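> this one's sequence-less:
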């Protein structure tokens, strides 16, 4: 499943110039990247329509989907955890 999602993110970024990514360095081990790519998980895409990934320094990845409410980004991770972060934590990435 992880390889499918990584492939989806790579294909999406190479085929659509309008995809956007915003990054937040959560700590020195984890970077959270939100995107304009549609959520790949059918069971959560109605409440959390866009894809997010947490990239760990050891090369592992955690996937989820997110929504925006007021000034917060609400992330629902595939494993069941939820994270709420202020929107201004994310910076535009190139």
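That came through, no problem. If you're wondering where the values come from, they're calculated on a predicted model, not measured in any experiment.
> alpha carbons only for contacts and neighbour counts from here, please
Fine.
> Dihedrals phi and psi, residue 53?
phi -140, psi 140 (degrees, to the nearest 10).
> Tell me the spacing between it and residue 68.
Separation of residue 53 from residue 68 (Cα to Cα, to the nearest Å) stands at 16 Å.
> Who has more neighbours out of those two?
A direct count of neighbours by other Cα atoms under 10 Å for residue 53 and residue 68 places residue 53 higher, at 23 against 16.
> Kindly provide the distance from the nearest residue to residue 24 once chain neighbours are set aside to residue 39.
With sequence-adjacent residues excluded and distances taken as Cα to Cα, 6 or more residues apart in numbering, residue 24 is closest to residue 90, at 4.8 Å. Distance check for residue 90 against residue 39: by Cα to Cα, it reads 18 Å.
> So the two - more neighbours on which side?
More neighbours surround residue 39 than the other of residue 90 and residue 39, with 22 against 18 (other Cα under 10 Å).
> Run through the chain and note the low-pLDDT ranges.
1-17, 92-94 (pLDDT under 70).
> mind listing the strands for it?
For the chain, the strands defined by DSSP state E occupy 21-25, 30-38, 50-56, 61-69, 72-77, 82-86, 91-92.
> Please identify the most buried of those.
Sort the strands of the chain by mean neighbour count, taking mean count of other Cα atoms under 10 Å, and strand 50-56 sits at the top with a mean of 22.
> In terms of secondary structure, what does it contact?
In terms of contact count using 3 or more Cα pairs under 8 Å, 6 or more residues apart in numbering; DSSP states H and E, strand 50-56 is assigned the packing partners strand 30-38, strand 61-69.
> Tell me which residues touch the nearest residue to residue 87 once chain neighbours are set aside, please.
In space, residue 87 comes closest to residue 72 once its chain neighbours are excluded; the distance is 4.9 Å by Cα to Cα, 6+ apart. Residues in contact with residue 72, defined by Cα atoms under 8 Å, 6 or more residues apart in numbering, are 84, 85, 86, 87.
> Run through the bridge partners of residue 72.
Using DSSP bridges, the bridge partners assigned to residue 72 are residue 69, residue 86.
> That one and residue 29, how far apart?
Separation of residue 72 from residue 29 (Cα to Cα): 22 Å.
> With residue 44 instead?
For residue 44, the distance to residue 29 (Cα to Cα) stands at 27 Å.
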